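Q: coords please:
(chains A and B)
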Amino acid sequence: MASPLIVIVGPTAVGKTALAVKLCQRYRGEIISADSRQIYRGMDIGTAKPTPAEQAVARHHLIDIIEPDQTLGVAEYQSLAYAAIEDVLRRGRLPFLVGGSGQYVHAVVKGWKVPRVPPDYTLRTELEAEAERIGAYALHARLAALDPQAAARIDYRNVRRVIRALEVCLKTGKPISAQQSVQPPPYRILQIGLTMPREQLYMRADARIDRMMAEGLLDEVRRLVAQGYDLGLPAMSGLGYRQLGEYLAGHISLEEAVRLIKKQTHRFVRQQYNW
RNA sequence: GCCGAGGUAGCUCAGCCUGGUAGAGCACUUGACUGAAAAUCAAGGUGUCCCCAGUUCAAAUCUGGGCCUCGGCA
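A: Prediction:
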């Protein structure tokens, strides 16, 4: 019989960690985090990372695995997650995949076969400049010539995704659409979706943001900036970090920054629902 | 009290001069997502146009009166 995998998903601040920790205690489980922000060391408060106490009760994997100036793509995340699941199973424990990064969860649960083309930042910068020059529509037309199928699925205005598709086509000489498939993993999966009325979710998220501020989120961001981490880094684009970075750079007031964090967190809640 | 500015979507505001029955950004709702994903992108609804009267075929728009807000002067 196939090995079990429990998956816990849901929007931010709904209580995924609390439930997962409790279940781990009861069923001898370990948590594999599916969170694209908790992977960074030194970013604790703003990412609502499980506390040391929670981590002592239930072992967590894939938290604190890279520095803020490093990056981790879905494909890498996926193989790390599969390895962690195998490791947990081998030791006779129950794996819980827990997190709010829909892309990560799908990559693992559905078994996306992501084209193995690492990002080429030089090429991306060139293509971005080209998009500026000839326009998003023309860049999309370039993709359509190489891979009509992929072009049909990507809105021409979504330059970032058009560029990734072009990157794969150009690097491999083959259409990206021919290199994307799905191969479900060999687990018996039980997926638990946590939810709550929208309004309540917004209130919980807002309250948590206030708590983060009280716990010193601003100092955390200040420290990261002092360590030389640029605001343009993917790690610094997360909710809270971006806006507080703007404040520290003198572009907006602290009040405005907190207001923006809340608004954008609401949007994030909605985005998570789509997964 | 006087002078000035203003009252249009939940918020900030455009439209008013040159009447033809309302629009943008944000919020909000819905959706996409295969190596940046807490990223990036798309679609959508929203209105006693402060009130009353007048002019007019037709008023957010012009005229008169009233109410309210903000700033300056007393």
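
Q: Next one, pLDDT for the closest residue to RNA strand B within the stretch 51-200 of chain A please.
A: Closest contact between the stretch 51-200 of chain A and RNA strand B, by CB to the nearest atom of the strand, is at A:G73 (2.8 Å). From N, CA and C alone the C-beta is placed, and that goes for glycine too. As predicted, A:G73 sits at a pLDDT of 94.

Q: What is the neighbour count of it?
A: 13 (other CB atoms under 10 Å).

Q: That one and A:S36: what is the separation?
A: Going from A:G73 to A:S36 by CB to CB, to the nearest Å gives 10 Å.

Q: so who does the nearest residue to A:A235 once chain neighbours are set aside touch?
A: Nearest non-adjacent residue to A:A235, counting by CB to CB, 6 or more residues apart in numbering: A:P68, 3.9 Å away. Shown in contact with A:P68 (CB atoms under 8 Å, 6 or more residues apart in numbering): A:40-43, A:224, A:229, A:233, A:235-236.

Q: Does RNA strand B have contacts with the longest helix along chain A?
A: The longest helix of chain A (DSSP state H) is helix A:254-273. Yes - contact of helix A:254-273 with RNA strand B (CB under 7 Å from any atom of the strand) involves A:263-264, A:266-268, A:270-271, A:273.

Q: buried subset of those?
A: By neighbour count, with 16 or more other CB atoms under 10 Å, the residues of helix A:254-273 next to RNA strand B hold A:266, A:268 as buried.

Q: Quick one: the strands in the stretch 1-150 of chain A, in order.
A: Taking DSSP state E, counting those that start in this stretch as the criterion, the stretch 1-150 of chain A carries its strands at A:3-9, A:29-33, A:60-61, A:94-98, A:112-113.

Q: And the helix or strand where A:A151 lies, how far out from the chain middle?
A: Using DSSP states H and E, A:A151 sits in helix A:148-153. Put simply, helix A:148-153 sits 25 Å off its chain's centre (CA atoms, centre = their mean, to the nearest Å).

Q: Which strands or helices does it pack on?
A: helix A:136-146, helix A:159-172 (3 or more CB pairs under 8 Å, 6 or more residues apart in numbering; DSSP states H and E).

Q: What values do phi and psi take at the spatially most central residue of chain A?
A: Nearest to the geometric centre of chain A sits A:S36, at 3.0 Å (CA atoms, centre = their mean). The phi and psi values for A:S36, taken as degrees, to the nearest 10, are phi -70, psi 0.

Q: Spit out the contact partners of it.
A: A:S36 makes contact with A:72, A:77, A:101, A:103-104, according to CB under 8 Å, 6+ apart.

Q: The stretch 151-275 of chain A against RNA strand B: which residues are in contact?
A: So far as CB under 7 Å from any atom of the strand goes, the stretch 151-275 of chain A lies against RNA strand B at A:153-155, A:157-161, A:163-164, A:168, A:176, A:180-182, A:198, A:202, A:234, A:237-240, A:263-264, A:266-268, A:270-271, A:273-275.

Q: And the contacts of A:P68, which of them are buried?
A: Buried, going by 16+ other CB under 10 Å: A:40, A:43, A:224, A:229, A:233, A:235-236, out of these.

Q: which residues of the stretch 51-200 of chain A fall in helices?
A: A:52-57, A:74-90, A:102-106, A:121-134, A:136-146, A:148-153, A:159-172, A:198-214 (DSSP state H, counting those that start in this stretch).

Q: outside of the fourth one, which residues touch it?
A: With CB under 8 Å, 6+ apart as the contact definition, helix A:121-134 has outside contacts at A:139, A:159, A:162-163, A:166-167, A:170-171.

Q: Kindly reformat those as JSON lines containing distance to A:A81, neighbour count and pLDDT.
A: JSON lines is the format used below for the contacts of helix A:121-134 (distance: CB to CB, whole Å; neighbours: other CB atoms under 10 Å; pLDDT from 0 to 100):
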{"residue": "A:L139", "distance to A:A81": "33", "neighbour count": "21", "pLDDT": "96"}
{"residue": "A:V159", "distance to A:A81": "29", "neighbour count": "19", "pLDDT": "95"}
{"residue": "A:V162", "distance to A:A81": "28", "neighbour count": "25", "pLDDT": "96"}
{"residue": "A:I163", "distance to A:A81": "26", "neighbour count": "22", "pLDDT": "97"}
{"residue": "A:L166", "distance to A:A81": "28", "neighbour count": "24", "pLDDT": "97"}
{"residue": "A:E167", "distance to A:A81": "24", "neighbour count": "20", "pLDDT": "97"}
{"residue": "A:L170", "distance to A:A81": "29", "neighbour count": "16", "pLDDT": "96"}
{"residue": "A:K171", "distance to A:A81": "25", "neighbour count": "15", "pLDDT": "95"}
